Every structure is written in structure tokens, then in C-alpha cells.
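# the sequence and its predicted three-dimensional model are supplied below.
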Amino acid sequence: MQEAAPRSSPIIVITGTPGTGKTTHAQLLAEHSPVSLQHINISELVKEKALHDGFDEEWQSYVVDEDKVVDELEPLVEAGGLILDWHACDAFPERWVDLVVVLQCNHTQLWDRLEDRGYPLKKIQENNEAEIMNVVLEEAREAYAEEIVIPLQSESTEDLESNVSRIVQWIEAWQKNQKL
Ligand code: DAT
């Protein structure tokens, strides 16, 4: 296992099936964090910087070039202080990551959220199945040390608020540890 390089602010991955609340959590966390954290929505970055091999019409999504994503982020990693918001959490090298939050949501609620987003039926079904099978959580557990992968429920505003305050507490503890 690779050791994470020492850095003054942590790198936190917020992951989960699309619609579980990654961006909502990342935005609130960036507001409340005791250290400055830059929220990077990887799907937006892929579009903006064309880190893809084109658009898949059938799935209505970009075919992401993960190597390009990693190259784009690498210069930012040394300083730390990032929230990486993406469903494909295992794309990030282990040495980058201090905490992986995996958001989870019951599948009927997820279905409604994705329908509201106007996803095609096939994409809703695929994501729903992935959520039921815990695909993202399994991927996170395979890619990172067990103790840094934290699954959190994201079904209500209360969940959102308590998750963010839990992550804030984790950041405070992380900072104290770095100073030891
Ligand atoms: P993601 O970034 O994982 O695709 P999102 O943050 O865009 O998800 O959230 C999708 C929708 O669900 C959006 O309308 C906000 C809502 N939502 C997410 N998490 C929630 C929560 N814990 N409580 C209430 N609504 C939530």
C-alpha cells in the first residue's frame, strides 16, 4: 500500500451512484470546512477541459479518459485541500486520498431523483441496480484502505447536515494528527 504524502489540508473524495447527493454534500462541506477546500466536480471538469473521448449518445454521457483526469488533477494534489466529487472513485491514486465518503440512498428515492434529472430509462435502471448492488462502495473498498472508506446515508436534509458535521469533525481530528 502506498503512503499518502504529508499535506497541510486533506483530500476528501465524495463518491456514490449518480443522484446520491455528492455535489450537494461537497458544496455544503466546502462552506463549513475549518480548512479551505476546493470543490472539484469531476463531471464538470471532464466537460470543461474535454478530458474524454467523445459523447456516448446511447448512455447520454461522456466517455471519460481517466488518465487525462488524473493528469489534470496531479498539480493540485501536492497542496491538498480538495473535495473530489465523482462516482468513479477508484480512478484516483491511493496516495492522493485521505478520506472516501460513499453516499448511499434507498433505490426508490434514487429512481425519483434520476427521473427528475431527465435521465433516459436505461441509465436510471443501470444506476439503480448499481446502488442496490453497492457497486461504488465495493469499488471504494477495493481501491482504498478499509479505515478511510466511510459509507453514509443520504436520504434527507437531516442526513445531509449530520454527514457534513461528521466530516467537519473528521477534518479537525485529521488536522490535530498532522501536527503531532
Ligand atoms: P450527485 O452529485 O450524487 O449526482 P446531487 O447532489 O446532484 O447528486 O443530488 C441529486 C438530487 O438529490 C438533488 O436534487 C439534491 C437531492 N439530494 C441529494 N442528497 C440529498 C439529501 N441528503 N437530502 C435531500 N435531498 C438530497
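Good, I have the coordinates. All of these numbers come straight from a predicted model, not from anything done at the bench.

# is the ligand contacted by the strand or helix carrying Thr23?
When elements are assigned from DSSP states H and E, Thr23 belongs to helix 22-32. Yes. Counting by C-beta under 6 Å from any ligand atom, the ligand has neighbours in helix 22-32: 22-24. For the C-beta atoms, the positions are set from N, CA and C on the backbone; glycine is no exception.

# among those, which one has the most neighbours?
Lys22 (28 neighbours; other C-beta atoms under 10 Å).

# isn't Arg8 right up against Gln178?
Check again: residue 8 is Ser, not Arg. Yes. Ser8 is within contact range of Gln178, at 7.2 Å (criterion: C-beta atoms under 8 Å).

# which of those two has more neighbours?
Taking other C-beta under 10 Å, Ser8 and Gln178 do not tie; Gln178 has more neighbours (14 against 11).

# the more buried one contacts Gly80, doesn't it?
No. Using C-beta under 8 Å as the test, Gln178 is too far from Gly80 to be in contact (9.9 Å).

# please report how far the residue of the chain found nearest the ligand lies from Gln27.
When scored by C-beta to the nearest ligand atom, the chain has Gly21 as its residue closest to the ligand, at 2.6 Å. Distance, Gly21 to Gln27, using C-beta to C-beta, to the nearest Å: 10 Å.

# also Val70?
Distance from Val70 to Gln27, by C-beta to C-beta: 24 Å.

# got it, and Ile171?
16 Å.

# and the longest helix seen in the chain with the ligand, contact?
Counting by DSSP state H, the longest helix found in the chain is helix 157-179. Yes. For helix 157-179 and the ligand, the contact criterion (C-beta under 6 Å from any ligand atom) is met by 157, 159-160.

# contacts made by that helix with the rest, please.
Outside helix 157-179, the residues that touch it by C-beta atoms under 8 Å, 6 or more residues apart in numbering are 6, 8, 10, 12, 21, 24-25, 28-29, 32-35, 98-99, 101, 103, 150, 152-154.
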